[in-house]
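Chemist: Make a model of this:
(chains A and B)
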Amino acid sequence: ILTQPHSVSESPGKTVTVSCTGSGGRIGSSYVQWYQQRPGRVPFTLIYEDTHRPSGVPDRFSGSIDSSSNSASLTISGVKTEDEADYYCQSYDGSRVVFGGGTKLTVL
Amino acid sequence: EVQLLESGGGLIQTGGSLRLSCAASGFPFTSYAINWLRQAPGQGLAWVSTITHTGVTFYADSVKGRFSVSRDTSKNTVYLEMTNLRAEDTALYFCARGTRACSTCFEYWGEGTLVSVSS
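Modeler: Numbers count the residues shown, from 1 in each chain, chains lettered A, B, ... in the order given. A predicted model of the protein is given here:
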């Protein structure tokens, strides 16, 4: 199971971090991905294989893994109003693909 | 340019069957896994099925025995055969490509096709 905060908020230009905490397994044992979904839009991959950004994704978005807390994080620096969206983490627990419940980012 | 185009969705009665297609282009088809995911109205993302680059298949427990994934390498197309459909299968269905190293790391997504199951 991957647990994300239901919502986070931040002001434009600031940095925000979305956490994804694993339970029932080591989050670092399989890759973690992060997806952005704006309202009414298709999911978009921001981070794959823990830290890699697809071409075209700004380096304002970064992913990291903290094995000590069994969690992954998505950090967005220089937050923009266009970043207002739902963010999902995703991984694999050895037998099935699992998604976090999603975090709604509100840009104040 | 990687492109994934889903088709085949529609309105179907409970217990009915439907076949979705995912036409892929812009990459070597047999080098990557293709996954099916879905999103019910107002809900989060859920994994449905995977067909690996070698053709091995995997399914979520919720669809095992009812859904079947296959591919036609001559058409660069992956299919999701859905039978015994239930109301809870109503969702927007996406196909997504894995990465070279990881079948279930979704790098590219299609636009989706809507499946509505009603009684």
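Chemist: In space, what's closest to residue B:66 - neighbours in sequence excluded?
Modeler: Spatially, and ignoring its direct neighbours in sequence, residue B:66 is nearest to residue B:84 (4.8 Å; C-beta to C-beta, 6 or more residues apart in numbering or on different chains). The way it works is simple: take the backbone N, C-alpha and C, and place the C-beta from them, glycine included.
Chemist: Per-residue pLDDT of the one you found, please?
Modeler: Residue B:84 is assigned a pLDDT of 97 by the prediction.
Chemist: which residues does it contact?
Modeler: Counting by C-beta atoms under 8 Å, 6 or more residues apart in numbering or on different chains, residue B:84 touches B:15, B:17, B:66.
Chemist: The last one reaches residue B:80, doesn't it?
Modeler: So the one you mean is residue B:66. No: between residue B:66 and residue B:80 there is no contact under C-beta atoms under 8 Å: 10.8 Å.
Chemist: higher neighbour count, the two?
Modeler: residue B:80 (26 against 15; other C-beta atoms under 10 Å in any protein chain shown).
Chemist: So what pairs up with that one in the strands?
Modeler: residue B:20, residue B:69 (DSSP bridges).
Chemist: From residue A:77, how far off is the spatially closest residue to residue A:76 that is not a sequence neighbour?
Modeler: Of all residues beyond its chain neighbours, the one nearest residue A:76 is residue A:16 (5.2 Å), with distances taken as C-beta to C-beta, 6+ apart. Separation of residue A:16 from residue A:77 (C-beta to C-beta, to the nearest Å) stands at 8 Å.
Chemist: what residues are up against the most centrally placed residue in chain B?
Modeler: The centre of chain B sits closest to residue B:36, judged by C-alpha atoms, centre = their mean, with a distance of 2.8 Å. With contact set as C-beta under 8 Å, 6+ apart, residue B:36 has these partners: B:20, B:22, B:47-50, B:69, B:78, B:80, B:93-96.
Chemist: Isn't residue B:119 up against residue B:11?
Modeler: No: using C-beta under 8 Å, residue B:119 makes no contact with residue B:11, being 11.7 Å away.
Chemist: So those two - more neighbours on which side?
Modeler: For residue B:119 and residue B:11, the more surrounded residue by other C-beta under 10 Å is residue B:11, and the numbers stand at 12 against 7.
Chemist: got the residues of chain A near chain B?
Modeler: A:31, A:33, A:35, A:37, A:42-45, A:48-49, A:54, A:88, A:90, A:92, A:96-102 (C-beta under 8 Å from any C-beta of the partner chain).
Chemist: so what's in contact with residue B:66 and residue B:80 at the same time?
Modeler: By C-beta under 8 Å, 6+ apart, no residue touches both residue B:66 and residue B:80.
Chemist: what about the strands in the chain?
Modeler: No chain specified, so I'll use chain A. Along chain A, counting by DSSP state E, strands occupy A:2-3, A:7-10, A:16-22, A:33-37, A:44-47, A:61-66, A:71-76, A:85-92, A:97-99, A:103-107.
Chemist: think we crossed wires, I meant chain B
Modeler: B:3-7, B:10-13, B:18-25, B:34-39, B:45-51, B:57-59, B:67-72, B:77-82, B:91-97, B:108-109, B:113-118.
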